[in-house]
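1. Okay, predicted coordinates and the sequence, questions at the end:
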Amino acid sequence: MNIHEFQARELFAEFGVATQPGKVAHSPEEAEKVALGLSGDRLVIKAQIHAGGRGKGTFKSGFKGGVHLCNTPTEAKDLASKMLGQILVTHQTGPDGKEVGKIFVGEAVDIARELYFAILIDRATSVPVVIASTEGGVDIETVAEKSPERILRVPVNPFLGLMPYQTRIIASSLGLTGPLMNQASKLFFNLYRLFTERDCSMVEVNPLVVTNDGHVLALDAKFNFDDNALYRQPSIVAMRDVTEEDQREVEASKHGLNYIGLDGNIACLVNGAGLAMATMDIIQHAGGSPANFLDVGGGATREQVASAFRIILADKSVKGILVNIFGGIMDCDVIAHGIVEAAKETGLAIPLVVRLEGNNVEAGKKTLAESGLKLEGAENILDAARRIVAAVNVNA
Ligand code: ADP
Ligand code: MG
């Protein structure tokens, strides 16, 4: 799960991570009001979307930049009116961009240096690792590729946490000494506490800045949370903004289905993540392209299967469906009933190929055969993939 920058700032406040004052606004008038409440003679206005690269992004309206500096509350209002309700395209949003529904209005700061600081889980060593670099503000991927020696990696022992000597090493490698080192150490320590206590999988501060008047501040924030830990993070779940997410995935998660939307046109409904992956591969192998990853799980109910089918059918880019079920624990007849229920309700107007195997398969096949639904059975997974690809190509 992701959150907006202004929400990340609420977490900063809770955990004592230094940043500049500011607030979220939903309208130009509100932006002006927030600006009036801030001190300092310069302001920063930032589009709030679940994607980075906003500064260098462009609105579909032609207006350039999702991050702007200005001097007066009136200018803040004017900038807000150019961003709110508009689609912002950045290198992280994809060509469709994201609609800006909220903006952050904050005090601008005089930046002396822009640094990079992140904490994430290193999959190779299975421990948190701090990534820091003097090359903040720009695209860190380019730095990692072109000058990897400028990136410091510090693994953290999860039982000990980030130790004071480590925060000092990191600060010193970022060129922060004296009072700046003390401020940075405190910021790193509090950010690490936030990372662990809120079950983050990634916290990225880019830029972490040193100001001309001698402060170390987090100016931007990108957070990812471990979805498997959300059950014990109600305050984080409350920050979820479903308008930023793929609507098909939002619907699927309501029904406990593992669903990831993709760009192709052949939908798959499969039980088990491994079989789902194999099914997507074999669709590609047969010359097709999957519209989704969908694992209904080992113990799916008839209702879940029906919901899965509805989600698939609601997707306009889907031109054919491949059901590939291996009933180990799963009862094939439950799947069959779910398919029939959803297909009858929605009216199935696209080709459907079903491959059922395993537990209670004869009953499942009988249910499908007696339903009167127009569908094709398949001998095996390769046969099934070839059939659906052929059917979709005929209809295309
Ligand atoms: P993004 O990473 O999405 O482009 P950032 O928040 O990192 O958005 O902003 C981009 C750039 O804008 C920063 O690298 C920084 O140079 C400048 N900036 C952001 N916030 C402020 C601020 N409060 N004061 C001055 N400059 C800022
Ligand atoms: Mg940034």
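-> Here it is on my side, so go on. Ligands and ions are numbered 1, 2, ... in the order given.
2. which residue does the stretch 201-350 of the chain bring closest to ligand 1?
-> Using Cβ to the nearest ligand atom, the closest approach of the stretch 201-350 of the chain to ligand 1 is made by D220 at 3.2 Å. Placement of C-beta: from N, CA and C, glycine included.
3. Which helix or strand contains that residue?
-> Using DSSP states H and E, D220 falls within no helix or strand.
4. Was I right to think it contacts V209?
-> No - counting by Cβ atoms under 8 Å, D220 stays clear of V209, with 9.2 Å between them.
5. buried sites along the helix or strand harbouring V305?
-> Here V305, judged by DSSP H and E, is contained in helix 302-314. Within helix 302-314, the residues scored as buried using 16 or more other Cβ atoms under 10 Å are 302, 304-313.
6. Please apply the same query to stretch 285-297.
-> 286, 288, 290-297.
7. Would you list the phi and psi of the residue nearest to G40 when sequence neighbours are not counted?
-> Closest residue to G40 apart from its sequence neighbours, by Cβ to Cβ, 6 or more residues apart in numbering: E107 at 4.1 Å. With angles defined as degrees, to the nearest 10, E107 sits at phi -80, psi 130.
8. just G358 next, same as before
-> phi 110, psi -150.
9. try D199
-> Phi and psi for D199, reported as degrees, to the nearest 10, are phi 50, psi 50.
10. That one and D227, how far apart?
-> Separation of D199 from D227 (Cβ to Cβ, to the nearest Å): 9 Å.
11. element containing K365, please.
-> Under the criterion of DSSP H and E, K365 resides in helix 361-371.
12. How far does that helix sit from its chain's centre?
-> 39 Å (Cα atoms, centre = their mean, to the nearest Å).
13. With adjacent residues omitted, what lies nearest to the residue of the stretch 101-250 of the chain at minimum distance from ligand 2?
-> Going by Cβ to the ion, ligand 2 is nearest to D220 of the stretch 101-250 of the chain, at 3.6 Å. Spatially, and ignoring its direct neighbours in sequence, D220 is nearest to N206 (5.6 Å; Cβ to Cβ, 6+ apart).
14. Check which helix or strand the one you found maps to.
-> strand 200-211.
15. I236 too?
-> helix 234-237.
16. quick revisit: so what's the residue count around the residue of the stretch 201-350 of the chain closest to ligand 1?
-> 23 (other Cβ atoms under 10 Å).
17. now do the one 5 residues further on
-> Taking other Cβ under 10 Å as the neighbour definition, F225 ends up with a count of 21.
18. Can you list the low-confidence ranges for the stretch 251-396 of the chain?
-> 396 (pLDDT under 70).
19. quick one: the residue of the stretch 201-350 of the chain closest to ligand 1 from G65, how far?
-> Distance from D220 to G65, counting by Cβ to Cβ: 14 Å.
20. picking that back up, go through the helix holding I236 and flag the buried ones.
-> I236.
21. Pull the distance from that helix to the chain's centre.
-> 16 Å.
22. Same check on stretch 314-327?
-> 24 Å.
23. Export only the CA atoms of it, formatted as CSV.
-> Presented in CSV, the C-alpha positions along stretch 314-327 are these (Å, rounded to 0.1, in the frame of the first residue of the first chain):
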residue,chain,number,x,y,z
ALA,A,314,-16.2,-5.7,-16.2
ASP,A,315,-12.8,-5.1,-17.8
LYS,A,316,-13.5,-3.7,-21.4
SER,A,317,-10.1,-4.8,-22.7
VAL,A,318,-10.8,-8.5,-22.0
LYS,A,319,-11.6,-10.3,-25.2
GLY,A,320,-11.5,-13.9,-23.9
ILE,A,321,-11.3,-15.9,-20.7
LEU,A,322,-9.2,-18.8,-19.7
VAL,A,323,-10.1,-20.7,-16.6
ASN,A,324,-7.4,-23.1,-15.5
ILE,A,325,-8.2,-24.9,-12.3
PHE,A,326,-6.3,-27.8,-10.7
GLY,A,327,-8.4,-29.0,-7.9
